[in-house]
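In: Quick one, what's the 3D model for this:
(chains A and B)
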Amino acid sequence: MTTRALVLMLLDAESGGRSPREVRVEASVDGESVRLSAADVASELGWTIEAEGLCRGPLCVPLPDDAALLTDDGLELAALARALDRPLAVDLAEGAAALGASVSERSAPLLRLEAPDVELPDAAGRLHRVSDHRGSKVLLTVHSSW
Amino acid sequence: MWQELHHQLAEEEGLPFTVFGVMADRHLSDALPWIEAAAASYPIVIDTHHRVPELYNMFNVPTIVWIDEEGRIVRPNDVAVMNPRGAKLVGVDPGAYRDRVRAWARGEAPALSSEERARALMRDRLPAPEEQQARAEFALGQWLWEHGRGEAAARHFESAAELAPGDIMIQRGTMRMRSMDPMADYGPIAQGIAKRGFRLYRPIRE
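Out: Okay, here's the model as predicted:
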């Protein structure tokens, strides 16, 4: 078991910024197993570990009934991702990981036909939001130089 | 590609309408020549982390979404290309598409025949678990690439491409970061993607 710093990117539904939210956590690493302390899960990810499972405000998501997932060293990161139904990509050698968005998080606004909002910079660095244009019809066009 | 239409509708006719351009590119420097050539009077933003493709579940470029005054999607992920060669490739008549946008902007015709049609098209355009997994790998790869760790980044881009072979945004958009040429090396990859049953373009037939 070793401890190492891990940069964790969070592709939260609510973060409409130019890049995923980035947090720094201390991970306990044992082979393929990566654990985050309950304190980091609470302060950086916003979930507290309760008897009901992972909780955020009134919402609780059950954790599998497996004592190995939650020890004094913290909560298994992969178990956390599974409980939240979110994809996880990890590169332990590089000390970085990404916790993606779940299918249901991404699908919910689309099924309501709500245009997801995002804030991104133009070439001069000025920030623009799709929602700046409420009151106008918007033709959102996505291109690429390649 | 959209400036003429934007100018006509928003500036000449003064309609509450705008084009909102997004360049999904690895870096501003890649997008700059394209942005300069567009000489647009509408905003064009740079999206290095594919935030828009992720939030709207877009898998290729160009992708077009029509959004009404209240921020509602009235015509989900659609495609049209204005130059003749591209138009033939995607199978959409550019003149007819421009007419359709004009009629919508002027309030003469709806974006689609009905809201139920928009909902049905949307249900057919929702992300799958493996696509979201691929996007997590892409996010990790993009972060590594931006932090000078190109070899590690390339490994995650490869994983992303294997997880979601039909995601051209990832397949082609990461080629330069995997020492590949998105022009010269794309042809065989596109053929492979098509052979596996994925469509490269999904225009709305209406």
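
In: contacts, neighbours, all on C-alpha from now
Out: OK.

In: show me where chain A has strands.
Out: Taking DSSP state E as the criterion, chain A contains strands spanning A:2-10, A:21-30, A:33-36, A:48-50, A:53-56, A:59-61, A:70-71, A:74-76, A:88-91, A:96-99, A:119-121, A:127-129, A:137-143.

In: Quickly run through the sheet partners of the second one, with directions.
Out: Just to be clear, that refers to strand A:21-30. strand A:2-10 (antiparallel), strand A:33-36 (antiparallel) (DSSP bridges).

In: now swap in the shortest one and tell me
Out: With DSSP bridges as the criterion, the sheet partners recorded for strand A:70-71 are strand A:74-76 (antiparallel).

In: repeat for the fifth one
Out: When pairs are called by DSSP bridges, strand A:53-56 turns out to pair with strand A:48-50 (antiparallel), strand A:59-61 (antiparallel).

In: can those go into CSV with extra columns for mean pLDDT, mean neighbour count and distance to residue B:205?
Out: Formatted as CSV, the strands paired with strand A:53-56 follow (pLDDT from 0 to 100; neighbours: other Cα atoms under 10 Å in any protein chain shown; distance: least, Cα to Cα, whole Å):
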stretch, mean pLDDT, mean neighbour count, distance to residue B:205
strand A:48-50, 93, 17, 48
strand A:59-61, 94, 15, 41
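
In: So for residue A:132, which of those sits nearest?
Out: Between residue A:132 and the strands paired with strand A:53-56, the shortest separation by Cα to Cα is 31.3 Å, and it involves strand A:59-61.

In: Return the set of buried residues in stretch A:105-121.
Out: Of all the residues in stretch A:105-121, those buried under the rule 16 or more other Cα atoms under 10 Å in any protein chain shown are A:106-107, A:109-111, A:113-121.

In: The strands of chain A: lowest mean pLDDT?
Out: When the strands of chain A are compared by mean pLDDT, strand A:70-71 comes last with a mean of 88.

In: Burial-wise, tell me which of the strands paired with strand A:21-30 comes out on top.
Out: Neighbour counts averaged per stretch over these are highest for strand A:33-36, at a mean of 22; criterion: mean count of other Cα atoms under 10 Å in any protein chain shown.

In: sorry, back to before: and residue B:157, which of the strands of chain A is closest to it?
Out: For the strands of chain A, distance to residue B:157 was read as Cα to Cα. The smallest value, 11.1 Å, belongs to strand A:88-91.

In: Show me what that closest one is packed up against.
Out: Identification of packing neighbours for strand A:88-91 by 3 or more Cα pairs under 8 Å, 6 or more residues apart in numbering or on different chains; DSSP states H and E yields strand A:96-99, helix B:129-146.

In: want to throw these into TSV with mean neighbour count and distance to residue B:57?
Out: TSV is the format used below for these (neighbours: other Cα atoms under 10 Å in any protein chain shown; distance: least, Cα to Cα, whole Å):
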stretch	mean neighbour count	distance to residue B:57
strand A:96-99	24	17
helix B:129-146	25	9
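
In: And those: which comes nearest residue A:5?
Out: When these are compared for distance to residue A:5 using Cα to Cα, the nearest one is strand A:96-99, at 8.6 Å.

In: roughly how far is the closest one from the heart of the chain?
Out: Relative to the centre of its chain, strand A:96-99 is centred 8 Å away, using Cα atoms, centre = their mean, to the nearest Å.

In: Could you do stretch B:59-75 as well?
Out: Using Cα atoms, centre = their mean, we find the averaged C-alpha position of stretch B:59-75 to lie 10 Å away from the chain's own average C-alpha position.
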